[in-house]
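1. coords please:
(one chain, ligands or ions: 1)
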Amino acid sequence: MSRPFTPSPNIVRLKESATLAVAARARALRAQGIPVIDLGAGEPDFDTPAFIRQAAAAAVEAGATRYTATEGIPPLRDAIAAEANRWLPAGATPFSASEVVVSNGSKQSLYNACVALFGPGDEVLVPTPSWTSYYEMLELARTTAVPVFGQAANGLKVTADELERAATPRTRGLMLNSPCNPTGAVYSRHELEEILALADRHGWWVISDEIYRRIAYDGEALSLSQLDAPRDRLVLINGVAKAYAMTGWRIGWSIAPVALSKAMTAVQSHATSNPAAVSQHAALAALTRLDESDAAVKTMVAAFHARRDAVLDALGALAPRAVHPAGAFYLYLDVSSVGGDDPGAAFAAALLDRYQVAVVPGSGFYTPGWIRASYATAQATAVEGVQRIVRLLTEGL
Ligand code: GLU
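-> Numbering: from 1, shown residues only. This is a model prediction of the structure:
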């Protein structure tokens, strides 16, 4: 008897990743020979620096081909704690390796944290727009994601007051992401301090996704570890993907209180076990050969910075319609003038169809009036893509 698939209650409302769907679409069109300008997925176009690739090759030859501890190899956990400690203010308590869990990309660390911390009946505040996967990870944890909308005049960032107004007795935590995907906005010290004070007053968990922290153009983007944040309800998330051009290696991590870290390790032990041994050795090189990796990060961030300036130039008179991109490598543009129920999706579809440029519709980030264009691609390509966006926005759909 044929029994068609019906989704379980776990995934009944789950949506495909909007960012990965656009990336897949662009890849498929390219495979058909259509020269798509892909401003979809946020992925640095640089090669992983040579010294990291070579360290990985040497590690494989030396036998890094077997299971490791679920939470990661001890030298990498040490190196991650040391990396976090590099940025701490003088006198702050250093992090230790026992607070670190290494995972298959920061995405898995975020998932581990959501599943370990929240459950049915809980609400978690999500500053919106936010990266598409936060909402879906909370959904997988059967938790209610509560979008809290930021104002365009404030770079779509949320304030502590806006978060407080959205809170209920069921609120258990909030997601923070600065520099922000999809907007590129960076929270100031004062804004972060106010949000942390609010979370502390209510006893909320704060999950701080800091994957873009080193990619900032108008001054430093702060980690919550650099503020006087209480550590007992703080989860820091980071990884090597964006700053070191290591997306495909899949290495991320969490730094959290030891009891939570043990719970996240247990989640991971049943889902995937350890992240790939060879990738852990690659990350170890990135985090311990600091002269080489700092130089590589500096070079790549300088290139992103030049592209940021160039794409803003290409926007010309339309620049005020974009959130000021102070970090990450995204341009978030208001296309609500094209009208309809989902202007971002209509615009993105027309842009791909007419001008062969792939961008992510803002509906993936709960703001349908917008589109996200990633400029983590060759400068001339990013500029050409943005020029075509301007053309379509000017001529209309
Ligand atoms: N985080 C990147 C993006 O937003 C990579 C794709 C993904 O994992 O969502 O495009």
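2. Next, the distance between the ends of stretch 82-92.
-> Terminal residues of stretch 82-92 are spaced 13 Å apart (CA to CA, to the nearest Å).
3. At which residues are the strands of the stretch 101-250 of the chain located?
-> 123-128, 144-149, 171-177, 205-209, 234-239 (DSSP state E, counting those that start in this stretch).
4. now the last one against strand 171-177, angle please.
-> Interaxial angle of strand 234-239 relative to strand 171-177 (axes from the mean of the first three to the mean of the last three CA atoms, to 10 degrees): 30 degrees.
5. What of the fourth one?
-> Using the same axes, to 10 degrees, the direction of strand 205-209 lies 20 degrees away from that of strand 171-177.
6. and strand 205-209, which strands flank it?
-> Strand pairing for strand 205-209, determined by DSSP bridges: strand 171-177 (parallel), strand 234-239 (parallel).
7. circling back to that earlier point, show me the one of the strands of the stretch 101-250 of the chain that comes nearest Leu14.
-> strand 144-149 (12.1 Å; CB to CB). From N, CA and C alone the C-beta is placed, and that goes for glycine too.
8. residue contacts, Trp253?
-> By CB atoms under 8 Å, 6 or more residues apart in numbering, the contact set of Trp253 is 72, 80, 100-103, 106, 109, 237-239.
9. Adding mean neighbour count as columns, could you present the strands paired with strand 205-209 in a markdown table?
-> Putting these into a markdown table (neighbours: other CB atoms under 10 Å) gives the following:
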| stretch | mean neighbour count |
| --- | --- |
| strand 171-177 | 24 |
| strand 234-239 | 26 |
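10. In CSV: the ones you listed, plus distance to the ligand.
-> Listed next are the strands paired with strand 205-209 as CSV, based on distance: least, CB to the nearest ligand atom, whole Å:
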stretch, distance to the ligand
strand 171-177, 10
strand 234-239, 10
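11. Now render these as CSV, adding mean pLDDT.
-> Formatted as CSV, the strands paired with strand 205-209 follow (pLDDT from 0 to 100):
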stretch, mean pLDDT
strand 171-177, 98
strand 234-239, 98
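12. Dump the ones you listed into TSV; add distance to Val148 as well.
-> Formatted as TSV, the strands paired with strand 205-209 follow (distance: least, CB to CB, whole Å):
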stretch	distance to Val148
strand 171-177	8
strand 234-239	19
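13. nearest to Tyr355, of those strands?
-> The nearest among these, by CB to CB, is strand 171-177 at 29.7 Å.
14. what does the closest one rub up against?
-> Strand 171-177 is touched from outside by 117-118, 122-127, 130-131, 134, 143, 146, 163, 187, 192, 195, 199, 202, 204-212, 224, 233, with contacts defined as CB under 8 Å, 6+ apart.
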